[in-house]
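S.K.: Sequence first, then the predicted structure, then my questions.
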Amino acid sequence: MLIFIICISLLALAYKFYSPFIEKQAGIDNKAVTPASKFDDGVDYVAVSPVKAFLIQFLNIAGVGPIFGPILGALYGPVALVWIVLGNIIGGSVHDYFSGVLSIKEDGKSLPEIAGHYFNIYFKGIMLIFTAMLLFFVGVVFVMSPAGLLSNLDFFQDTIFSNNRVWIVVILGYYFLATLLPIDKIITKFYPVFGLLMVIMTVSVAASLLIYAPQLPEIENIFSFLSHTHLSDELLNRGANEPPIWPLLFVTITCGAVSGFHSTQAPIIARCLTNEKFVRPVYYGAMLSEGVVACVWALAGIAAFPDGYAELKSVLAQGGPGLVVNQVATTYLGAFGGIIAIIAVAVFPITSGDTSFRSLRLTIIDAFNIPQSVRNRLLVSIPILIVAYFMTLVDFSVIWRYFAFSNMLLSTSVLWLATKYLFDRKALHWIVSLPATVGTAVTVSYIVTADIGINLPESAGYPAGIVVAILCLAGLGVAHKKAYAISKAE
C-alpha cells in the first residue's frame, strides 16, 4: 500500500510545484488571442470549456496504452512503477505540456508544420513521416484491441458479435463518421462522459486492489532491486527467460510515462482552448492523470498474480493484456463490475482511435494545404481506413511493437523540438533537452537490437544508444557556445 501512496503523492506534488516552474519557461500569455477565436470554423476550431477540454484530452491520450502497456511492464516487477512515475514527471508531462504550448502558439497547427517553422523543411518531412506512421499504427491498434475485448464478452457469445471481424468493421465505420463530423457533434458531447467513466473505473480498481489484493509490492522491493550488487547485469540481461529492462521496459511502457502519440493529439484541443493559461491544467494535468491510471494497472498486473513473472507471462501468452484485464476486473469488481470495466476498456481505445485518424487527416491536410471541404475530407479519410482494415489482418503483437517504437521515437523528436523552442527563447531548455537525451539513448538502443530493426547484438546496441545521445548533447553544447558568442558580440 505504501508504494501506491508514494506514487500518487509524487505525481500530485509534481503538478503542484514542478508544473508552475515549467510554465514560467514557456512564455504563456493570458491575453493572447487563441486559435479557437482566431479561426472559428465550426469544424475543428471550436471553443470548449477547460473542464471539457481536460476530459477530452485525458480520454484521447488514455486509450488502452496506460492499461495494456503497464500490464506488459508488470513482467519487470516493481521497477516498472519507478519508470512510470519518474518518466511521467520528468519526461511525459513536460512533453505533453510543450506539445500544447507549441500548437496553441502556432495557430493549432500539426507537429510537422511546427517542426518546419523551428527547424527546416527536411525536419518537417521527417516529422511528417514519424507522425503519420504513429497515428496510423495507433489507429490500427485501437481497432484491434477493442474488437478483441468485445468479441470475447460472454454477452455476445453465440451471436454474430462474437466474430472479431464484425467488430472491426463496426469500429471502422464509427471512425469514418467521427473523422469527418465537426468536433462538437460527437467528441465534445460524449467524450467528457467517457472521461468520467475512465476516472470512476480507475478509482474502483485502485480501491479494490488496496482492499482485496493478496500481494502489493512494497517500497523495499524497489530499493532491493536498485541496490542490487549486479545491477548492470539486471538491466542488460535478467536471464534467458526474462526480458532485459534496458531498453525494453522504456519502450513497453510509453503511455503513462512518455508517449509521442499525445503530441499528435495536441492540435485537436489547442484549436479549442479559450486561453493559454489552460494549457497547464489540460495537458500537464491530463498526462499526470494518465500516470495514475498506469500505476494502478501496473500494480494490478503484479498483485493479481502472486506467483510472479511466470504466472503473468502464462496468462499473457494465452490471451494477451486483454485477458489480464478480464481477470483483474472480474476478480476484484465482481461479475457485473467486471463487465462494466471490460466494456470501459473497450470504449477508451475507440475514443483514442477515432481521434488518431482525425489527427492523421488534419496532419495530411495541413502538410499539403488541402482545403477543408467535405469532398477532400472523404478523399483523405477513405483510403486510410481501407488500408487500416487490411492491417488488422497482421498479428497484433507485431503491430504493437511498431506502435511502441514509433511512440518513443516521436516523443523524443518532440522533446528536441521543445528544446529548440526554449533555446530560442533563452529559457531553461534543460527541462526538455535532458529527457530528450535519455529518449534518444533508449530509441537508438532499441532499434539497433530489436528484431523489427537492425537486430544487432545487445553488446553493440546499448553503446550505440549512449554514443548517439552524447553526440546530441554535445551538439547542443556547441550551439550554446555559438549563441553565447553572438550574444557577446552584440
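M.R.: It's in.

S.K.: Show me the shaky parts of the chain.
M.R.: 1, 213-244, 306-309, 484, 487-490 (pLDDT under 70).

S.K.: Select the longest helix from it.
M.R.: helix 309-367 (DSSP state H).

S.K.: and the helix or strand following it, which residues are buried?
M.R.: Toward the C-terminus, helix 309-367 is succeeded by helix 374-391 as the next helix or strand (DSSP states H and E). Burial within helix 374-391, assessed by neighbour count using 16 or more other CB atoms under 10 Å, is assigned to 377, 380-381, 384-385, 388, 391. Where C-beta positions appear, they are placed from N, C-alpha and C, glycine not excepted.

S.K.: Identify all contacting residues around helix 374-391.
M.R.: Helix 374-391 has contacts (CB atoms under 8 Å, 6 or more residues apart in numbering) with 136, 139-140, 143, 168-169, 172, 175-176, 179-180, 357, 360-361, 364-365, 370, 399.

S.K.: Emit the PyMOL select command for whichever of these are buried.
M.R.: Here is the PyMOL selection string for the buried members of the contacts of helix 374-391, based on 16+ other CB under 10 Å:
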select buried, resi 136+139+140+143+168+172+175+176+179+180+357+360+361+364+365+399
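
S.K.: What are the neighbouring residues in contact with Gln372?
M.R.: Gln372 neighbours (CB under 8 Å, 6+ apart): 41, 43-44, 365.

S.K.: in what helix or strand does the closest residue to Ile350 other than its chain neighbours lie?
M.R.: Leaving out its chain neighbours, the residue that sits closest to Ile350 by CB to CB, 6 or more residues apart in numbering is Pro146, at 5.2 Å. Assigned by DSSP H and E, Pro146 belongs to helix 121-151.

S.K.: Tell me how far Ile71 lies from Ile340.
M.R.: 19 Å (CB to CB, to the nearest Å).

S.K.: again with Val140
M.R.: In terms of CB to CB, Val140 sits 26 Å off from Ile340.

S.K.: Neighbour count: Ile71 and Ile340, which is higher?
M.R.: More neighbours surround Ile71 than the other of Ile71 and Ile340, with 30 against 17 (other CB atoms under 10 Å).

S.K.: For stretch 394-412, list every residue counted as buried.
M.R.: 396, 399-412.

S.K.: before we move on, what about stretch 110-125?
M.R.: 110-118, 123-124.

S.K.: thinking again about what came up before, could you list every helix and strand in contact with the helix holding Pro146?
M.R.: Judged by 3 or more CB pairs under 8 Å, 6 or more residues apart in numbering; DSSP states H and E, helix 121-151 is in contact with helix 111-118, helix 164-180, helix 261-270, helix 309-367, helix 374-391, helix 396-425.

S.K.: In a markdown table, list those along with distance to Ala80.
M.R.: Below are the helices and strands packed on helix 121-151 laid out as a markdown table (distance: least, CB to CB, whole Å):
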| stretch | distance to Ala80 |
| --- | --- |
| helix 111-118 | 28 |
| helix 164-180 | 29 |
| helix 261-270 | 19 |
| helix 309-367 | 12 |
| helix 374-391 | 29 |
| helix 396-425 | 14 |
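
S.K.: Out of those helices, which gets nearest to Ala207?
M.R.: helix 309-367 (9.0 Å; CB to CB).

S.K.: ok and that closest one relative to helix 261-270, angle-wise?
M.R.: Here helix 309-367 points in a direction 40 degrees away from that of helix 261-270 (axes from the mean of the first three to the mean of the last three CA atoms, to 10 degrees).

S.K.: Was I right to think Met144 contacts Ile168?
M.R.: Yes - the criterion here is CB atoms under 8 Å, and Met144 meets it with Ile168 at 7.2 Å.

S.K.: so what sits against both of those two?
M.R.: With CB under 8 Å, 6+ apart as the test, Met144 and Ile168 both reach Thr392.

S.K.: Spell out which residues sit in contact with Phe21, please.
M.R.: The contact partners of Phe21, by CB under 8 Å, 6+ apart, come to Ile431.

S.K.: re earlier: can you list the buried residues in the helix holding Pro146?
M.R.: Buried, per 16+ other CB under 10 Å, within helix 121-151: 123-124, 127-128, 130-151.

S.K.: try stretch 7-26
M.R.: Going by 16+ other CB under 10 Å, stretch 7-26 has these buried residues: 7-8, 10-11, 14-15, 18-19, 22-23, 25-26.

S.K.: would you turn those residues into JSON lines with secondary structure?
M.R.: Formatted as JSON lines, the buried residues of stretch 7-26 follow (DSSP: H, G, I helix; E, B strand; the rest coil):
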{"residue": "Cys7", "secondary structure": "helix"}
{"residue": "Ile8", "secondary structure": "helix"}
{"residue": "Leu10", "secondary structure": "helix"}
{"residue": "Leu11", "secondary structure": "helix"}
{"residue": "Ala14", "secondary structure": "helix"}
{"residue": "Tyr15", "secondary structure": "helix"}
{"residue": "Tyr18", "secondary structure": "helix"}
{"residue": "Ser19", "secondary structure": "helix"}
{"residue": "Ile22", "secondary structure": "helix"}
{"residue": "Glu23", "secondary structure": "helix"}
{"residue": "Gln25", "secondary structure": "helix"}
{"residue": "Ala26", "secondary structure": "helix"}
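
S.K.: Same list, the residues you listed, but as a markdown table with distance to Leu55 please.
M.R.: Formatted as a markdown table, the buried residues of stretch 7-26 follow (distance: CB to CB, whole Å):
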| residue | distance to Leu55 |
| --- | --- |
| Cys7 | 23 |
| Ile8 | 20 |
| Leu10 | 23 |
| Leu11 | 18 |
| Ala14 | 20 |
| Tyr15 | 16 |
| Tyr18 | 23 |
| Ser19 | 19 |
| Ile22 | 22 |
| Glu23 | 21 |
| Gln25 | 27 |
| Ala26 | 23 |
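
S.K.: Between these, which sits nearest Gly301?
M.R.: Cys7 (14.2 Å).

S.K.: Please tell me how far stretch 351-367 is from the chain's geometric centre.
M.R.: 15 Å (CA atoms, centre = their mean, to the nearest Å).

S.K.: now stretch 314-330
M.R.: 21 Å.

S.K.: repeat for stretch 430-438
M.R.: 18 Å.

S.K.: Can you mark which positions in that stretch are buried?
M.R.: 431-438.

S.K.: How about stretch 201-212?
M.R.: Those buried within stretch 201-212 under the rule 16+ other CB under 10 Å are 201-202, 204-206, 208-209.

S.K.: Would you mind writing the CA trace of it as PDB?
M.R.: The C-alpha trace of stretch 201-212 is given here as PDB (Å, rounded to 0.1, in the frame of the first residue of the first chain):
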ATOM      1  CA  MET A 201     -13.100   2.700 -13.300                       C
ATOM      2  CA  THR A 202      -9.600   3.600 -12.300                       C
ATOM      3  CA  VAL A 203     -10.600   4.600  -8.800                       C
ATOM      4  CA  SER A 204     -12.700   1.400  -8.400                       C
ATOM      5  CA  VAL A 205      -9.900  -0.900  -9.500                       C
ATOM      6  CA  ALA A 206      -7.400   1.000  -7.200                       C
ATOM      7  CA  ALA A 207      -9.700   0.800  -4.200                       C
ATOM      8  CA  SER A 208     -10.300  -2.900  -4.800                       C
ATOM      9  CA  LEU A 209      -6.600  -3.600  -5.100                       C
ATOM     10  CA  LEU A 210      -5.900  -1.800  -1.800                       C
ATOM     11  CA  ILE A 211      -8.600  -3.700   0.000                       C
ATOM     12  CA  TYR A 212      -8.500  -7.200  -1.600                       C
END
